[in-house]
Structures are given as structure tokens and as C-alpha cells.
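# Attaching a predicted model along with its sequence, questions to come.
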Amino acid sequence: MNNGYLTTHVLDIGIGKPGFDIPIELFNDSGDLIHQVTTNSDGRTEAPLLSEADFKTGKYALIFSVKNYLKQNHQFVEEPFYDHIKIEFMIRDQYAHYHVPLLLSPYGYSTYRGS
């Protein structure tokens, strides 16, 4: 049986478009940086953050660096409320697909376990 994998995407709900060119870092439970990517024009990454070969159970954190994106795409925001958004989560099933999206606006955000 194949291992699972981890994906994400960013949707800017303030303007109803994908959040593009946003740097993302993935850390493991030891605080080690294990992956760095930037979202594409569709608000997604070109490949899974964790592929089948690297996919393991445990605690992880995604850090989305949103400050520059918010400054460039929300001109009415003098100084963004968020610099970084950190989402901590657990992978418990090594065979499942975990999708952790970020729904972003200049003054709020939401996330969930997607499919």
C-alpha cells in the first residue's frame, strides 16, 4: 500500500482569488525545516509538501509568510495585520491524503482538513 501525502493551497477570500507567490515553510515536531515552497498562480504548490516517500505520522507546522502578499494585493491595508500564519496539525494516518488549506483575508483567516 502507498503512503499518503500532504498538500495545501491559499485562497484570498478578501478578493475571491488564489493567494499567489506566498512563501510556505513546513516544519516537523522537532522544529526542523523540512520543506520550503511558494504558491503558484493557482494558490497551490507545484508538488505535494510531503510526498509518499517522506510522509510520516507526527506533528507538523506550516508557516505562511503573508505580509508582502497582503501589502501588494490589498492597497487599503496600510500595514498588514498578519506577518506569518502558523498552522499546527497532526498526521495520524500514514496512508491518507492530508490537505491543509489557508483561507485568507487582510484581518482574518481560516483553515480545515480538506481532501
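Received it, and whenever you're ready, just let me know what you need.
# Phe76 and Ile15, how far apart?
Look at Phe76 and Ile15: by Cβ to Cβ, to the nearest Å, they are 11 Å apart. Yep, even glycine has a C-beta here, placed from its N, CA and C like the rest.
# who has more neighbours, those two?
Ile15 (13 against 6; other Cβ atoms under 10 Å).
# Return the distance of the nearest residue to that one once chain neighbours are set aside relative to Val66.
Sequence neighbours aside, Asn73 is the residue nearest to Ile15 in space, at 6.6 Å (criterion: Cβ to Cβ, 6 or more residues apart in numbering). Distance from Asn73 to Val66, counting by Cβ to Cβ: 10 Å.
# of those two, who's got more company?
Val66 (25 against 18).
# per-residue confidence for that one?
Val66 is assigned a pLDDT of 98 by the prediction.
# ok, now which ones touch the closest residue to Leu49 other than its chain neighbours?
Sequence neighbours aside, Leu6 is the residue nearest to Leu49 in space, at 4.6 Å (criterion: Cβ to Cβ, 6+ apart). Residues counted as contacts of Leu6 (Cβ atoms under 8 Å, 6 or more residues apart in numbering) are 26, 48-50, 55, 60, 91, 97-100.
# And Asp29, by the same measure?
Here Asp29 is in contact with 58-60 (criterion: Cβ under 8 Å, 6+ apart).
# let's see it at 6 Å
58-59 (Cβ atoms under 6 Å, 6 or more residues apart in numbering).
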